[in-house]
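Trainee: got a sequence here, can you build the structure:
(chains A and B)
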Amino acid sequence: MAANFSNSLVRWIDHRLPVFSYLRHAAYDYPTPKNLNYWWNFGSLAGISLAIMIVSGIALAMNYTPHVNHAFDSVERIMRDVNYGWLIRYIHMNGASFFFIVVYIHIFRGVYFGSYKSPRELLWILGVIILLLMMATAFMGYVLPWGQMSFWGATVITNLFSAVPLIGESLVTWLWGGFSIDNPTLNRFFVLHYLFPFIIVSIVLLHIVALHRFGSNNPLGIDIKYPNDTIPFHPYYTIKDAYGLGVFLILFAGVVFFAPNFFGEPDNYIPSNPLSTPLHIVPEWYFLPFYAILRSIPDKLGGVISMFGSIVVLLLLPWLDRSPVRSGHFRGVFKIFFGILLIDIVALGYLGGKPSRGMYVIFSRLATAYYFAYFLVILPVLSKFDSSRLLPKSISTPMPEVNGIE
Amino acid sequence: MSGESAVDEHINIPHHSWSHTGPFDNFDKAALRRGFLIFQNVCSTCHGIQRLAYRNLADLGYSENKIKSIASEAKVLYNKNGGLELYERPALPSDKFTSPFPNEQAARDANGGSLPPDLSLIIKARPNGLDYVRALLLGYESTPMKFNLMSGLHYNTYFPGHQIAMPQPLYGDDVTFEDGTPSSIEQEAEDVVTFLAWAAMPEMEERKRIGVITMIFLVIFTLLLYATKRRIWKNVK
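Mentor: This next block holds a predicted model:
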């Protein structure tokens, strides 16, 4: 790589360790489609959210005590006696919710615009692995304050593993580090909650390497053909991402400073008590759709398989949707089913927070059925009817008859 | 009435308008002091507020000497040189509030088997905590004809299941306020809930103050970023 930097120190370093070449590649040589819309802001927002979580989390860990007798008190000490401890904790607590909001939007942007399709299958799969790791991290983090919902949420979720045939009970004992959720459980959850984010960082780096192999997909879902289809990442997308970050931070700060317990569950301000079960055990909002799928199946093992299956199906997405057209923009019927899928997932989220009885159960089953039908039936069938005939020739070429316009 | 349906019954909690809930609102210090008086004279007989230290009362506008004298009325146990024997000394401003009972069992024994919860976080620990606790304090009524009340419990309109172990705590004129505010039961309930809200989130005033400055900065900064973005993208066709 030609090290033609004007600064001699930079040149000296770059010759031995090509970090500046790499940065230049990422900022200037890396061609980015010029037509990315604001839905493409959420990737960088997710990365920034991860950084916010790690920095605030390290500060919290310096003041937190992972012991069943002291965890709740140490969190309250952070809230009351540590300088700006309330700010650090509210950033971390709400940061988790905002991280999931951003990542969910990022995922459904990919689903709509076909960002998972060839040649970006591994990019997509790495993303789903990041989602799984995020979920595990968030779940274990929620246990750490050791409030009522921490304890009972952990009880419900770890007990799911007892559904595994033959080894279920032993598996749960192994996860707990004992015969009930106790100090060893809290300790290992703390250790893993601290470890996982750094594994996420490493997979995010792979995600970016895979992204840079073929570059971003774009709203038209067609490949870059001519040089004038692209613009350099810097300054065009750095400034666009910075503006998006500003909007994100306004919303984030609004919640942190003015409604810090908006996403929270009041029960978690009650210290955990193994002898008193809360009336309704509900997970954090970002798990509710999966919780609804879990509970919609009358069989325990079936429920667990469905819940994990709802994510595994995302891993298979690149092979379930065989349509040659990437962008949902050019797929009229697809748009309808995709819209229903979004409504369906919001409905699952709502149902996950309701008691499982009566009409709630029936609607949960219908919504679960649609979720799986979308991926396993609707997409494979729709793929057969799409053709790439109507696609524009290039990003810069005005579109032929598309969008249903004659 | 079965337990299940009693607990799942939807109870409408009356909405009250609070003076400290808006984005620019601070706690009314006079209300906090009135609420503290009620807490000390009524609630603290059975309920602790152990996450507060006496020094925190500076937020209510009390002087250092006043806080010292409030603290010294409580007695804390300590041991000399790590010995097993416990000695009593007056509390200092740096001490946490002492609880009325030495442990959970003692609290249950003194309250017919029920545990009066610590009130440090009660407003955050209940859905719609402000309105709920206020309604609960005002919700004692005579037991309806058909209602089967268990012995030792009390009928409360707003408590889930309507049977609460806590006897009616406030009747009106339970205390005499230093500032001359009439101590009606509504006034007392509002003030003590305001005090408990402060106890649950003593950071509120600082949080909102920093929040307003942060929001002003972020909005201006974001507008500048937007203008810069428009400028940079002007030539992209």
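
Trainee: what's the domain layout of the chain?
Mentor: This is for chain A. With domains defined by automatic domain parsing, chain A comprises A:35-217+A:230-277, A:282-391.

Trainee: the chain in question should be chain B.
Mentor: With domains defined by automatic domain parsing, chain B comprises B:3-52+B:97-202, B:203-237.

Trainee: a markdown table for these, including distance to chain A?
Mentor: The C-beta positions use only the backbone N, C-alpha and C, and glycine is treated the same way. Formatted as a markdown table, these follow (distance: least, Cβ to the nearest Cβ, whole Å):
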| stretch | distance to chain A |
| --- | --- |
| domain B:3-52+B:97-202 | 4 |
| domain B:203-237 | 3 |
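
Trainee: most tightly packed of those?
Mentor: domain B:3-52+B:97-202 (a mean of 17; mean count of other Cβ atoms under 10 Å in any protein chain shown).

Trainee: for residue B:188, give me its contacts.
Mentor: B:34, B:38, B:137, B:170, B:172, B:174-175 (Cβ atoms under 8 Å, 6 or more residues apart in numbering or on different chains).

Trainee: what does residue B:21 give?
Mentor: residue B:130.

Trainee: the worst-scoring helix or strand of chain B on mean pLDDT: what's the following helix or strand?
Mentor: The least trusted helix or strand in chain B, going by mean pLDDT, DSSP states H and E, turns out to be helix B:3-8, with a mean of 48. Per DSSP states H and E, the first helix or strand lying C-terminal to helix B:3-8 is helix B:29-41.

Trainee: the one residue in the stretch 1-150 of chain A that gets nearest to chain B: how many residues sit nearby?
Mentor: Proximity of the stretch 1-150 of chain A to chain B (Cβ to the nearest Cβ) peaks at residue A:86, 4.2 Å away. For residue A:86, the neighbour count with other Cβ atoms under 10 Å in any protein chain shown is 20.

Trainee: contact partners for it?
Mentor: A:78-80, B:203, B:207.

Trainee: in what helix or strand does it lie?
Mentor: Secondary structure assigned from DSSP H and E places residue A:86 in helix A:85-113.

Trainee: so, low pLDDT: which residues of the chain?
Mentor: Looking at chain A here, since you left the chain open. Flagging of chain A using pLDDT under 70 yields the residue ranges A:1-3, A:398-406.

Trainee: chain B was what I was after
Mentor: In chain B (pLDDT under 70), the answer is B:1-8.

Trainee: pull the longest helix from it.
Mentor: Ranked by residue count, the top helix of chain B under DSSP state H comes out as helix B:204-232.

Trainee: return the residues in contact with the residue lying closest to residue B:153 once chain neighbours are set aside.
Mentor: Nearest residue to residue B:153, sequence neighbours excluded (Cβ to Cβ, 6 or more residues apart in numbering or on different chains): residue B:163, at 4.2 Å. Residue B:163 sits next to B:149-150, B:153-156 when contact means Cβ under 8 Å, 6+ apart.

Trainee: closest to residue A:342 out of the residues you listed?
Mentor: Among the contacts of residue B:163, residue B:156 lies closest to residue A:342 (Cβ to Cβ), at 43.3 Å.

Trainee: who does that closest one bridge with?
Mentor: Counting by DSSP bridges, residue B:156 is bridged to residue B:140.

Trainee: residue B:137 is in contact with that one, correct?
Mentor: No: Residue B:156 is beyond contact range of residue B:137, at 9.3 Å (criterion: Cβ atoms under 8 Å).

Trainee: near chain B, which residues of chain A?
Mentor: Taking Cβ under 8 Å from any Cβ of the partner chain as the criterion, chain A approaches chain B at residues A:34, A:76, A:79-80, A:86-87, A:90, A:231, A:235-236, A:239-240, A:242-243, A:246-247, A:249-250, A:253-254, A:256-258, A:260-261, A:266-267, A:269-270, A:279, A:355.

Trainee: quick one: residue A:231 from residue A:193, how far?
Mentor: 40 Å (Cβ to Cβ, to the nearest Å).

Trainee: so how far is residue B:150 from the residue nearest to residue B:153?
Mentor: From residue B:163 to residue B:150 the distance is 6 Å (Cβ to Cβ).

Trainee: how far away is the nearest residue to residue A:286 once chain neighbours are set aside from residue A:266?
Mentor: In space, and not counting its chain neighbours, residue A:286 is closest to residue A:100: 3.9 Å by Cβ to Cβ, 6+ apart. Computed with Cβ to Cβ, the distance linking residue A:100 and residue A:266 is 20 Å.

Trainee: could you pull out the strands for the stretch 151-300 of chain A?
Mentor: Secondary structure of the stretch 151-300 of chain A (DSSP state E, counting those that start in this stretch): strands at A:230-232.

Trainee: same check, this time on the stretch 1-150 of chain A
Mentor: Ranges of strands within the stretch 1-150 of chain A are A:31-33, based on DSSP E, counting those that start in this stretch.

Trainee: ok, now which ones touch the closest residue to residue A:157 other than its chain neighbours?
Mentor: Once flanking residues are discounted, residue A:157 sits nearest to residue A:139: 6.2 Å by Cβ to Cβ, 6+ apart. Residue A:139 makes contact with A:153-154, A:157, A:283, A:287, according to Cβ under 8 Å, 6+ apart.

Trainee: hmm, residue A:43 is touching residue A:103, no?
Mentor: No: Residue A:43 lies out of contact with residue A:103 (Cβ under 8 Å); the separation is 9.4 Å.

Trainee: show me whatever sits in contact with both of these two.
Mentor: By Cβ under 8 Å, 6+ apart, no residue touches both residue A:43 and residue A:103.

Trainee: in which helix or strand would I find residue B:87?
Mentor: Residue B:87 belongs to strand B:86-90, assigned by DSSP H and E.

Trainee: can you list the strands that that strand pairs with?
Mentor: strand B:75-79 (antiparallel).

Trainee: which ones are touching residue 88?
Mentor: Using chain A here. Residue A:88 makes contact with A:56, A:59-60, A:78, A:82, according to Cβ under 8 Å, 6+ apart.

Trainee: actually it's chain B I care about, not the one you picked
Mentor: Residues near residue B:88 by Cβ under 8 Å, 6+ apart: B:75-77.

Trainee: most neighbours among the residues you listed, which one?
Mentor: Among the contacts of residue B:88, the one with the most neighbours (other Cβ under 10 Å) is residue B:76, at 16 neighbours.
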